[in-house]
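S.K.: Quick one: sequence plus predicted model below, questions after.
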Amino acid sequence: MSTLYARFAAHLDDALDALEREGQLAPGVARKAVAVEPPRDPSHGDLATNAAMVLAKAAGTNPRALAGLIVPKLSALDEIDSAEVAGPGFINIRLVPAVWHEEMRAVREAGADYGRSKLGAGTRINVEYVSANPTGPMHMGHCRGAVVGDALASLLEYAGYGVIREYYVNDAGAQVDVLARSVHLRYQEALGRQIGEIPEGLYPGDYLKPVGEALAAEFGDAYADAPEAAWLEIFRRRAVAAMLDLIRADLATLGVHHDLFASEAEVQASGAVDRAFALLADKGLVYTGTLPPPKGRPAEDWEPTELLLFRSTAFGDDQDRPIRKSDGSWTYFAADTAYHLQKLQASDELINVWGADHTGTVKRTQAAVEALAGRPALDVKLVQMVRLLRAGELVKMSKRSGSFVTLAEVVEEVGKDVVRFTMLTRKNDAQMDFDFAKVVEASKDNPVFYVQYAHARIRSLHRRAEAAGVDLAAEADLSLLDADELELVKLGAQFPRVVEAAAAAHEPHRIAFYLADLAAALHALWNRGNDDPSRRFLIEDNPALTRARLELAGVIGQIVRNGLGIMGVAAAEEMQ
RNA sequence: GGCCCCGUAGCUCAGCAGGAUAGAGCGACAGAUUCCUAAUCUGUAGGCCACAGGUUCGAAUCCUGUCGGGGUCACCA
């Protein structure tokens, strides 16, 4: 299925070919900058192209003159009602209504696939998101990344990419040892020991109690008084597995499911790190050296140390990065590099969705990927903080007391669909407020509600039509639709374009904004029926007109569903 | 101090890989609304796109610098 815009780009191409044959245009001039787009101002028509302005210089003429040559070729097409030169040399094109009727049939025919694209051409792309440390349940800090990553993955699938949804489990560092110790305490507690206050530095949350109980049931008191070395490894494994179960359950309430959970410990144990740096050493990118002292702060305890370094500055990083600590073990960065190599083996492109606090590590990671892949293959989407508000008041979260707001609580309170939609109402790198009261408000200022309402309205309309005996499968005479109604079709017809642009930019929020626009246009059309009953969708004594308008509603409903589907939001059949 | 992100209407934010007179919602102002097509509607006002240069037919968008706001600077994960 080619989009309407691609089709007219092809028509334009044909016109330019013809001009070349006629000697009006030098052959072989690059047309890369030529665009066929909907003009921003609808009064300029349905489509506009900048072809004449872009090509005028190469044609040795001025834009308006060249446009004057292109226009007759386009005007000759049946699908084009008029084409005219405008402004500095734009060509504005108006299409005959039949084009829009045809597009409506295309929506009906493609159904849930309307808007799907071959843009990705099967390119394999790995989206890594969430990757929260496996030390406890998900809290709201993880939520935005989870939704953005998941929607981005769906968007890319819709645009024709082969997508892997991946979660990197940081199960190798110091904090999972802390987790194991915390669990050991809960284990002792389950055995009836007095443990008193949870010491500073351990995880105090109650969610570790069941893990301790399970270990008590499994091992009895075998490890109760044993030295740490005897139990650390096994407790860590059990605890991480339990935390991942928690996390998976939390993510499931959001409708987020990963294809793959990759273990940092396994990456380290498998020898992948050695292999990755052997590769980089072959390229001359590994050396032993000394880093400059830290900048900004005066560092009294800093002393120059020889370390094994990766030459990330060769790829734009600010300084080279250590790959081995002075105790000989790999740094986090080293393991991360090996992990990215692992991902590259199954994918052509990588995307990491990270919290904004990881800003500082973007360059080195991209440097490592570029070194390994031979080209820049990693895009990093940083998601900014979400402030939680309750009726305008900031909800305080304290890590120390463990009184963070969990993801599960929020989903429980406002629902999965509201959370997901709301998280996509800002672009990823803008800060966001999440107000419990506002996100569930049933009013026009709440895009979540307004989009759902639009869909529910359409469904309710169809239900009533069916009850009144209208045959929704019957052929509709779309020529009965008026200009305002066709405007709505035109907006709907932009959906495939929006999908492609959003996918290319890795920006799922664009779908949400588009749906809000589409919903507003639908409501506006609907509201005309308040003043003028003849413009309602159901006209009792005019079955043909009713049928055409119902078809329009159905088409818009389909597009809303498809857009919401990408966002992972269920379309409402009715409002409450 | 280095690097990254941000600066668009009074507020909250869009602005589609450079396009024509810069948009939406809220708020303000002026009207409409005894409607089960309900959870409002119509219209108006409001802008030096932080600032200064540059690139070009054309810049909110790309480049450089300045100012202002935020984030980040580990052999941590």
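M.R.: Yep, that arrived. Numbers count the residues shown, from 1 in each chain, chains lettered A, B, ... in the order given.
S.K.: Near residue A:497, how many other residues are there?
M.R.: For residue A:497, the neighbour count with other C-beta atoms under 10 Å is 18. From N, CA and C alone the C-beta is placed, and that goes for glycine too.
S.K.: my read: residue A:134 touches residue A:167, true?
M.R.: No. Here residue A:134 lies out of contact with residue A:167, judged by C-beta atoms under 8 Å, at a distance of 9.5 Å.
S.K.: Now the residue in the stretch 451-576 of chain A positioned nearest to RNA strand B, what are its backbone angles?
M.R.: For the stretch 451-576 of chain A and RNA strand B, the shortest gap (C-beta to the nearest atom of the strand) falls at residue A:536, measuring 2.2 Å. The phi and psi values for residue A:536, taken as degrees, to the nearest 10, are phi -70, psi 170.
S.K.: Next, count neighbours for it.
M.R.: For residue A:536, the count of nearby residues is 16 (other C-beta under 10 Å).
S.K.: Setting aside sequence neighbours, what's the nearest residue to it?
M.R.: Leaving aside its sequence neighbours, residue A:536 sits nearest to residue A:529 (C-beta to C-beta, 6 or more residues apart in numbering; 3.6 Å).
S.K.: dump the residue contacts of the residue of the stretch 151-300 of chain A found nearest RNA strand B.
M.R.: Distances between the stretch 151-300 of chain A and RNA strand B by C-beta to the nearest atom of the strand are smallest at residue A:173, namely 2.2 Å. Residue A:173 makes contact with A:264, A:332 under the criterion C-beta atoms under 8 Å, 6 or more residues apart in numbering.
S.K.: before we move on, back to that, check the gap between the residue of the stretch 451-576 of chain A closest to RNA strand B and residue A:468 for me.
M.R.: In this view, residue A:536 and residue A:468 are 13 Å apart by C-beta to C-beta, to the nearest Å.
S.K.: For the stretch 251-400 of chain A, which residues are neighbours of RNA strand B?
M.R.: For the stretch 251-400 of chain A, the contact set with RNA strand B under C-beta under 7 Å from any atom of the strand comprises A:264, A:291, A:294-296, A:305, A:307, A:318-319, A:322, A:325-327, A:331-333, A:336, A:356-363.
S.K.: ok, of those residues, which come out buried?
M.R.: Buried subset of those (neighbour count, 16 or more other C-beta atoms under 10 Å): A:264, A:307, A:322, A:331, A:333, A:336, A:361-363.
S.K.: rewinding a little: quick check: the residue nearest to residue A:536 touching residue A:537?
M.R.: Yes. With contact defined as C-beta under 8 Å, residue A:529 counts as touching residue A:537 (7.0 Å).
S.K.: Which one of the two is surrounded by more residues?
M.R.: Counted by other C-beta under 10 Å, residue A:529 and residue A:537 do not tie: residue A:537 has more neighbours, with 21 against 15.
S.K.: Let me know whether the more buried one touches residue A:526 as I believe.
M.R.: Yes. Assessed by C-beta under 8 Å, residue A:537 is found in contact with residue A:526 at 7.4 Å.
S.K.: Can you pull the residues that touch both of these two?
M.R.: Here residue A:537 and residue A:526 have no joint contacts, going by C-beta under 8 Å, 6+ apart.
S.K.: Let me see the ranges of the strands in the stretch 1-150 of chain A.
M.R.: A:36-37, A:47-49, A:80-86, A:90-95, A:124-128 (DSSP state E, counting those that start in this stretch).
S.K.: Checking my notes, residue A:433 in a strand, right?
M.R.: Yes. Residue A:433 sits within a strand when classified using DSSP: H, G, I helix; E, B strand; the rest coil.
S.K.: Quick check: which ranges of the stretch 151-300 of chain A have low pLDDT?
M.R.: Along the stretch 151-300 of chain A, segments meeting pLDDT under 70 span A:294-300.
S.K.: let's see it at 90
M.R.: Low-confidence segments of the stretch 151-300 of chain A (pLDDT under 90): A:173-175, A:200-201, A:204-205, A:289-300.
S.K.: Please save the CA atoms from stretch A:171-182 in PDB.
M.R.: Taking Å, rounded to 0.1, in the frame of the first residue of the first chain, the C-alpha atoms of stretch A:171-182 are listed here in PDB:
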ATOM      1  CA  ASP A 171      22.500  -8.200  38.100                       C
ATOM      2  CA  ALA A 172      26.300  -8.000  38.500                       C
ATOM      3  CA  GLY A 173      27.100  -4.900  40.500                       C
ATOM      4  CA  ALA A 174      27.400  -3.900  44.100                       C
ATOM      5  CA  GLN A 175      23.700  -3.100  44.600                       C
ATOM      6  CA  VAL A 176      22.600  -6.700  43.900                       C
ATOM      7  CA  ASP A 177      24.900  -7.800  46.700                       C
ATOM      8  CA  VAL A 178      23.200  -5.300  48.900                       C
ATOM      9  CA  LEU A 179      19.900  -6.800  47.800                       C
ATOM     10  CA  ALA A 180      21.200 -10.300  48.700                       C
ATOM     11  CA  ARG A 181      22.200  -9.000  52.200                       C
ATOM     12  CA  SER A 182      18.900  -7.400  52.700                       C
END
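S.K.: What residues of that stretch count as buried?
M.R.: Using 16+ other C-beta under 10 Å as the test for burial, stretch A:171-182 gives A:171-172, A:176-182.
S.K.: Can you pick out the most distant pair from those residues?
M.R.: A:172 and A:182 (17.2 Å; C-beta to C-beta).
S.K.: Could you dump the strands of the stretch 1-150 of chain A into CSV with mean pLDDT added?
M.R.: Listed next are the strands of the stretch 1-150 of chain A as CSV, based on pLDDT from 0 to 100:
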stretch, mean pLDDT
strand A:36-37, 88
strand A:47-49, 92
strand A:80-86, 92
strand A:90-95, 93
strand A:124-128, 96
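S.K.: gap between the residue of the stretch 451-576 of chain A closest to RNA strand B and residue A:558?
M.R.: 21 Å.
S.K.: per-residue pLDDT, residue A:3?
M.R.: On the pLDDT scale, residue A:3 is placed at 78.
S.K.: Likewise for residue A:54?
M.R.: Note on residue A:54: pLDDT of 87.
S.K.: what's the neighbour count on it?
M.R.: Neighbours around residue A:54, by other C-beta under 10 Å: 19.
S.K.: Now for it: which residues touch it?
M.R.: Counting by C-beta under 8 Å, 6+ apart, residue A:54 makes contact with A:31, A:33-34.
S.K.: Most neighbours out of those residues, which is it?
M.R.: Highest neighbour count within the contacts of residue A:54: residue A:34, with 18 neighbours (other C-beta under 10 Å).
S.K.: wait, doesn't that one sit right on residue A:55?
M.R.: Yes. With contacts counted by C-beta under 8 Å, residue A:34 reaches residue A:55, the gap being 7.1 Å.
S.K.: Quick check: beta-bridge partners of residue A:124?
M.R.: In this entry, residue A:124 is beta-bridged to residue A:162, by DSSP bridges.
S.K.: That one and RNA strand B, how far apart?
M.R.: Taken as C-beta to the nearest atom of the strand, to the nearest Å, the spacing of residue A:124 relative to RNA strand B amounts to 19 Å.
S.K.: With residue A:79 instead?
M.R.: Using C-beta to the nearest atom of the strand, residue A:79 is found at 18 Å from RNA strand B.
S.K.: Please report the distance of the closest residue to that residue other than its chain neighbours from RNA strand B.
M.R.: Of all residues not flanking residue A:79 in the chain, residue A:99 sits nearest, at 5.1 Å (C-beta to C-beta, 6+ apart). As judged by C-beta to the nearest atom of the strand, residue A:99 and RNA strand B stand 18 Å apart.
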